[in-house]
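[1] only geometry, no sequence info:
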């Protein structure tokens with residue numbers, strides 16, 4: 001079978017290629033899935049390209065076996081040291097049909113499933129049956145392909161909000177597929193959500209979907225609008241997909257201003273209300289800038305899906321997965337703007353497209369097309 005691989009060489013070059021590897025046979029409790037659809041998520045791009053300068057990428061090989069190479073700046077090679085010489089399979093999640101099964105999983109043969117576990121940019125993948133989400137009857141592989149990363153991330157945000165004692169939340173880059181999904185969750189669950197976007201068109205998209213609080217960071221009145229929304233909702237936790245720049249600090253500052261608007265007395269140390277920003281993406285890879293205008297009761301940190309699922313335990317994680325399966329074509333529906341084959345995924349036009357990570361654009365690889 002074909003499998004997409006990413007390799008960092010000792011001379012500072014990224015190499016992407018399609019490798020012929022043996023199709024793995026399922027063992028006891030395992031299933032072999034023919035992968036019909038696998039999305040390109042931002043987390044996949046990080047492993048796929050590493051620290052390479054993809055604007056300088058070139059393609060050689062043949063149309064059905066392209067080989068992409070791109071230089072890695074010397075200053076960034078230290079971060080790639082652990083990857084040197086290791087040809088790594090890519091792709092977090094996928095959807096497809098079970099074509100074979102080991103002992104105890106035979107009942108899943110012929111079922112459409114969503115799966116996760118890496119190495120999904122391939123024609124087949126063997127996984128443990130218990131790690132698959134069985135799609136409801138009539139749901140195809142494309143719908144099942146994105147049933148892990150975005151749905152569980154969005155649910156993880158609302159679950160984190162509840163567990164840490166907050167009552168409303170803020171989300172940045174909010175017009176993305178994940179952001180639209182989070183809106184549907186919050187509307188359904190009655191959670192106040194503030195959506196931060198970067199253009200009027202993105203704001204209109206979310207309002208058309210029923211979002212109650214949308215603020216545009218590109219507008220001159222952004223901070224005033226954000227403070228007003230924070231006063232109205234009482235949100236004190238945010239999930240930031242941008243990462244670099246001033247936005248995380250602006251959110252904390254706006255939260256402090258909003259809290260102080262209803263404070264009964266002045267404190268020179270700032271409010272005692274804890275304000276939290278979790279960075280879960282890196283659309284801006286520059287430094288995170290904090291102006292420290294938000295008192296002393298605050299926190300900023302990273303948030304990742306898989307450590308969160310491990311933290312809450314198997315039973316609670318399964319409850320989230322069960323909800324995703326039940327609402328796969330409604331609350332957790334994904335849409336795709338382009339479908340490409342494995343070979344096309346290594347073409348410069350496609351690389352330029354999905355590496356933009358543009359809001360609302362999602363690429364889907366169809367390995368067996």
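    Structure's in. What do you need? Bear in mind that the values here come from a model prediction, so they are computed numbers and not experimental data.
[2] which element, helix or strand, includes the residue of the chain positioned farthest from its centre?
    Using C-alpha atoms, centre = their mean, the residue of the chain lying farthest from its centre is residue 265. It sits 41.2 Å away. Per DSSP states H and E: residue 265 is located in neither a helix nor a strand.
[3] separation between it and residue 272?
    Between residue 265 and residue 272 the computed distance is 11 Å (C-beta to C-beta, to the nearest Å). C-beta: built from backbone N, CA, C; applies to glycine.
[4] check residue 5 too.
    52 Å.
[5] again, but for residue 203
    With the distance defined as C-beta to C-beta, residue 203 ends up 33 Å from residue 272.
[6] quick one: which of those two has more around it?
    Shown here are residue 203 and residue 272; by other C-beta atoms under 10 Å, residue 203 has more neighbours (21 against 11).
[7] could you list every helix and strand in contact with the host helix or strand of the more buried one?
    Element membership for residue 203 (DSSP H and E) is helix 200-208. Counting contacts by 3 or more C-beta pairs under 8 Å, 6 or more residues apart in numbering; DSSP states H and E, helix 200-208 packs against helix 177-189, strand 192-197, strand 213-216.
[8] average model confidence for that helix?
    Averaging pLDDT along helix 200-208 gives 95.
[9] got the buried residues for that helix?
    Using 16 or more other C-beta atoms under 10 Å as the test for burial, helix 200-208 gives 202-203, 205-206.
[10] stretch 214-234 now?
    Within stretch 214-234, the residues that count as buried by 16+ other C-beta under 10 Å are 214-217, 222-223, 225-230, 233.
[11] and if you look at stretch 13-23?
    The neighbour-count check on stretch 13-23 (16+ other C-beta under 10 Å) flags 14-18 as buried.
[12] over to stretch 109-121?
    For stretch 109-121, the neighbour count (16+ other C-beta under 10 Å) marks 111-117, 119-121 as buried.
[13] quick one, strands of the stretch 101-250 of the chain?
    In the stretch 101-250 of the chain, the strands defined using DSSP state E, counting those that start in this stretch lie at 112-116, 124-128, 133-134, 168-172, 192-197, 213-216, 237-240, 243-245.
[14] whoops, I mixed them up, the stretch 251-369 of the chain
    For the stretch 251-369 of the chain, the strands defined by DSSP E, counting those that start in this stretch occupy 275-279, 284-288, 298-302, 338-340, 363-365.
[15] residue 22: which of the ones you listed is closest?
    Nearest of the strands of the stretch 251-369 of the chain to residue 22, taken as C-beta to C-beta: strand 363-365 at 20.6 Å.
[16] who touches that closest one?
    With contact meaning C-beta atoms under 8 Å, 6 or more residues apart in numbering, strand 363-365 is reached by 37-40, 91, 121, 142, 145, 336-342, 345, 350, 353-354.
[17] quick revisit: between the strands of the stretch 101-250 of the chain, which gets nearest to residue 361?
    Closest approach to residue 361 among those (C-beta to C-beta): strand 192-197, 14.6 Å.
[18] report the angle between the axes of that closest one and helix 177-189?
    Note on geometry: by axes from the mean of the first three to the mean of the last three C-alpha atoms, to 10 degrees, strand 192-197 and helix 177-189 are set 160 degrees apart in direction.
[19] chain center to strand 192-197: distance?
    Put simply, strand 192-197 sits 17 Å off its chain's centre (C-alpha atoms, centre = their mean, to the nearest Å).
[20] what helices and strands are in contact with that strand?
    When contacts are defined as 3+ C-beta pairs under 8 Å, 6+ apart, strand 192-197 packs onto strand 168-172, helix 177-189, helix 200-208, strand 213-216, helix 222-233.
[21] and the angle from that strand to helix 200-208?
    160 degrees.
[22] before we move on, the earlier item: can I get the strands of the stretch 101-250 of the chain in JSON lines including distance to residue 22 and mean pLDDT?
    Formatted as JSON lines, those follow (distance: least, C-beta to C-beta, whole Å; pLDDT from 0 to 100):
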{"stretch": "strand 112-116", "distance to residue 22": "19", "mean pLDDT": "96"}
{"stretch": "strand 124-128", "distance to residue 22": "10", "mean pLDDT": "97"}
{"stretch": "strand 133-134", "distance to residue 22": "26", "mean pLDDT": "94"}
{"stretch": "strand 168-172", "distance to residue 22": "42", "mean pLDDT": "98"}
{"stretch": "strand 192-197", "distance to residue 22": "46", "mean pLDDT": "98"}
{"stretch": "strand 213-216", "distance to residue 22": "50", "mean pLDDT": "98"}
{"stretch": "strand 237-240", "distance to residue 22": "40", "mean pLDDT": "98"}
{"stretch": "strand 243-245", "distance to residue 22": "39", "mean pLDDT": "95"}
